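**Q** here is my input, please return the structure:
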Amino acid sequence: MPIKILCTLILLATSTTLLGQPPETENEAPVYPLAVAVDGDAFYAVDLDLPGVWRVDGEGRKLFVRGTRLLRKPLNRPRCIAIHPGGGILVGDSATREVYHIPSADADPKPLTQGTVGIAMAIAVSPDSKTIYVGDAERRSVLKLPIEGGKSELVVPVNARGLAFDAAGMLWAVTPDAEAVHKIDVAASKSEAIVKGRPYQYPNGLAWAGDQGFITDGYGKSIWTFTADGKTEAWHQGEPLVGPVGITIDDQAIWVADPKQKQVYRFDRTTKMGEPRL
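**A** Predicted structure coming up:
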């Protein structure tokens, strides 16, 4: 084979990787699923190290959007996710210090915060679907911005790693600090410590359903529950969990992303039995 043709073939085979976008293969699998969001019969899993976002539904698992391995480019380090009320997903990316709206599969990420967020660790959308709330690890605060995008504003100085609204419109936040769980009145921009001290070894995510919240504990290999009066107890501990991080909830199940297991688990809320779904 002439050298010129050989060089051309090598260039074509490697050009995608050089651009930071390795080609998808049939055998491609999750690498480090860090966060999860449920949308009806489907769920999405943020993969920090792939990087990208997976979608799983009745037709199976598929890469919804691929990030890039190029530093400081969109979705180089995606960390958190929420369902966008207008369709698609919201993803926080620490590499570009931004929150993106991805309206559909393989769509270009739309930046929303005008560069006014540091390291987004958690995202929640208000019950009226008008406002995005972000837990910013760099500013150790909860910020807000309009759902359509805009400069973020300070809500409260709470170092949130997980965020979720309850039915009354209160925003709940779990932190790695001495006061583990806060209730935030977003209308008044005030917060109150509810679970004090550090009952969790390494709290990561928070979800809310009914009259209680659920928290993942990475080092404790567990899921905890707590109530509005500050009482907290372990809900599940041990297998199959090794290092749970992201958590969300629906009417029947609790969904947990465990990057150490490269898996998302669905726990039945009644039986507490967990099954791999990613």
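**Q** stretch 64-83: end-to-end distance?
**A** End-to-end span of stretch 64-83 (Cα to Cα, to the nearest Å): 13 Å.
**Q** chain center to it, what's the gap?
**A** In this view, stretch 64-83 has its centroid 11 Å away from the chain centroid, taken as Cα atoms, centre = their mean, to the nearest Å.
**Q** ditto for stretch 120-130
**A** Stretch 120-130 sits 11 Å away from the centroid of its parent chain (Cα atoms, centre = their mean).
**Q** quick one: which helix or strand includes the residue nearest the centre of the chain?
**A** Taking Cα atoms, centre = their mean, the centroid of the chain lies closest to residue 80, which sits 2.6 Å from it. Residue 80 belongs to strand 78-83 when elements are defined using DSSP states H and E.
**Q** need the contact partners of that strand.
**A** In this structure, residues lying in contact with strand 78-83 by Cβ atoms under 8 Å, 6 or more residues apart in numbering are 34-39, 44, 46-48, 51-53, 67, 89-94, 119-125, 132, 135, 246. Backbone N, C-alpha and C define where each C-beta goes, glycine included.
**Q** and what of stretch 67-76?
**A** Counting by Cβ under 8 Å, 6+ apart, 19-22, 50-53, 65-66, 77-78, 91, 93, 95-96, 98, 100, 109, 111 sit against stretch 67-76.
**Q** ok, back up a step: how near is the residue nearest to the residue nearest to the centre of the chain when sequence neighbours are not counted to residue 251?
**A** With Cβ to Cβ, 6 or more residues apart in numbering as the criterion, residue 80 has its nearest non-adjacent residue at 4.2 Å, and that residue is residue 92. Distance check for residue 92 against residue 251: by Cβ to Cβ, to the nearest Å, it reads 26 Å.
**Q** neighbour count winner among these two?
**A** A side-by-side neighbour count of residue 92 and residue 251, using other Cβ atoms under 10 Å, places residue 92 first with 28 against 7.
**Q** many thanks, we can stop here.
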